[in-house]
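Visitor: pasting a predicted model and its sequence here:
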Amino acid sequence: MIKAYRSNCEAISLSADGDLAHLSEDIVWIDLINPHRDEEKRVEALLGAELPTREDLKDIEPSSRLYTEDNNVFMTASLVWKADSSDPQLTDVAFILVGNRLVTIRYAEPKSFNLFIAAITRTPHEIRSGAVLLLKLLETIVDRTAEIIENTVVGIDHVAKGIFGGEARSKRKEPRYLEDKIAEIASFHRLVSKVRDSLTSLARVQSFLHATTLVQEDKDAKEMGASIARDIHSLSEHVSYISGNLTFLLDASLGIINVEQNAIIKIFSIASVVFLPPTLVASIYGMNFARMPELQWAYGYPLAIFVMLISAIIPFIVFRWKGWL
């Protein structure tokens, strides 16, 4: 699918089977969403420039993601997709500046694009160039990333309350309670890792774009690019803090599991020690020797029971006094 936007933010559709021979001068953005090869060839013919394929977007080398060719600027960034689901992913999006136009190629629909399109069509205003449009789009992407981080912090705080909160202690008796919390921590860690990779990619794109002539010659664009760079740097530091917090929660969960397991083992160990003396007494009087005077006593059996009880009670009292129980 091919969508185009004029400088006044009016959206138009460029069908793949149309007979459009050239692009209007006021078209500043061409957005290719899951394009077929014939659609790519059509846009290439209209622009007079070769577009990267889906396989090209997967390259991770900086020289393949950020380069200029025939005065056209080619950039590829990894954006977080499906951040609100249980399976967040990264999708590669190409940003291409061809003359005064911006071309984007994407094989997913990150929420930031929908937010940006809704914003420019709801409050339309004149867009001078594709470079300015790209900076505004990057600004929306960074804002959406900040929103993802904010939602992640709220979720992590909820997990922390579930691990350390007073109400959670009774719930820990439920089977696999802390194991489920560890699974939640792993899910948040996966999302945070993808956000970090996305911010790194966006920082490279912003730095490369900021050095281009299109931005350097425009004072407003230059200031906007510097503001985006500061936001990306701030978010990257915040993500590093969140990652450390997740590591702490994971270590704490494993520590609590070990403590609870040790408490169970401690109970069994103490029970073994408490019942060891009675077992010894019962074992002695259970031996079948001919000469055991106590076997002939009228009160031998009650006495043996009394000795076993005393031998169990004394260790229990000692353990309570020592604070081991």
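Guide: Ah, there it is.
Visitor: only C-alpha atoms for contact and neighbour calcs from this point on.
Guide: Fine.
Visitor: check which helix or strand covers the closest residue to Asp56 other than its chain neighbours.
Guide: Once flanking residues are discounted, Asp56 sits nearest to Ser64: 7.5 Å by CA to CA, 6 or more residues apart in numbering. According to DSSP states H and E, Ser64 maps onto helix 62-65.
Visitor: buried sites along the helix or strand following that helix?
Guide: Of the helices and strands lying after helix 62-65 in sequence (DSSP H and E), the nearest is strand 66-69. Within strand 66-69, the residues scored as buried using 16 or more other CA atoms under 10 Å are Leu66.
Visitor: quick one: list the elements packing against strand 66-69.
Guide: strand 72-81 (3 or more CA pairs under 8 Å, 6 or more residues apart in numbering; DSSP states H and E).
Visitor: pull the residues that contact the strand it packs on.
Guide: For strand 72-81, the external contacting residues (CA atoms under 8 Å, 6 or more residues apart in numbering) are 57, 65-68, 88-99, 108-111, 145, 194-195, 197-198, 201-202, 205.
Visitor: rerun at 6 Å
Guide: 65-68, 88-98, 110, 198, 201-202 (CA atoms under 6 Å, 6 or more residues apart in numbering).
Visitor: whichever of those end up buried, select them in ChimeraX.
Guide: Applying 16+ other CA under 10 Å to those leaves a buried subset, and the ChimeraX line that selects it is:
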select :65,66,88,89,90,91,92,93,94,95,96,97,98,110,198,201,202
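Visitor: let's see which of the contacts of strand 72-81 end up in helices.
Guide: 65, 198, 201-202 (DSSP state H).
Visitor: show me the domain layout of the protein.
Guide: The record's domain split for the chain, according to automatic domain parsing, is 2-260, 268-322.
Visitor: can you redo those domains as TSV with mean pLDDT?
Guide: Conversion of these to TSV gives the following (pLDDT from 0 to 100):
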stretch	mean pLDDT
domain 2-260	82
domain 268-322	76
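Visitor: buried deepest among these, which one?
Guide: domain 2-260 (a mean of 17; mean count of other CA atoms under 10 Å).
Visitor: how about the strands of the stretch 51-200 of the chain, start to end?
Guide: 66-69, 72-81, 89-98, 101-106 (DSSP state E, counting those that start in this stretch).
Visitor: so can I have TSV of the ones you listed showing distance to Ile317?
Guide: Output for these, formatted as TSV (distance: least, CA to CA, whole Å):
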stretch	distance to Ile317
strand 66-69	75
strand 72-81	61
strand 89-98	59
strand 101-106	73
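Visitor: figure out which of those strands is closest to Ile141.
Guide: strand 72-81 (8.1 Å; CA to CA).
Visitor: who does the closest one pair up with?
Guide: strand 66-69 (antiparallel), strand 89-98 (antiparallel) (DSSP bridges).
Visitor: name the residues that touch the longest one?
Guide: It stands for strand 89-98. Against strand 89-98 from outside (CA under 6 Å, 6+ apart): 72-81, 102-106.
Visitor: next one: that strand to chain centre, how far?
Guide: 21 Å (CA atoms, centre = their mean, to the nearest Å).
Visitor: now swap in the shortest one and tell me
Guide: Taking CA atoms, centre = their mean, one finds strand 66-69 lying 31 Å from the centre of the chain it belongs to.
Visitor: in three-state terms, label Ile12 for me.
Guide: Using DSSP: H, G, I helix; E, B strand; the rest coil, the structure places Ile12 in strand.
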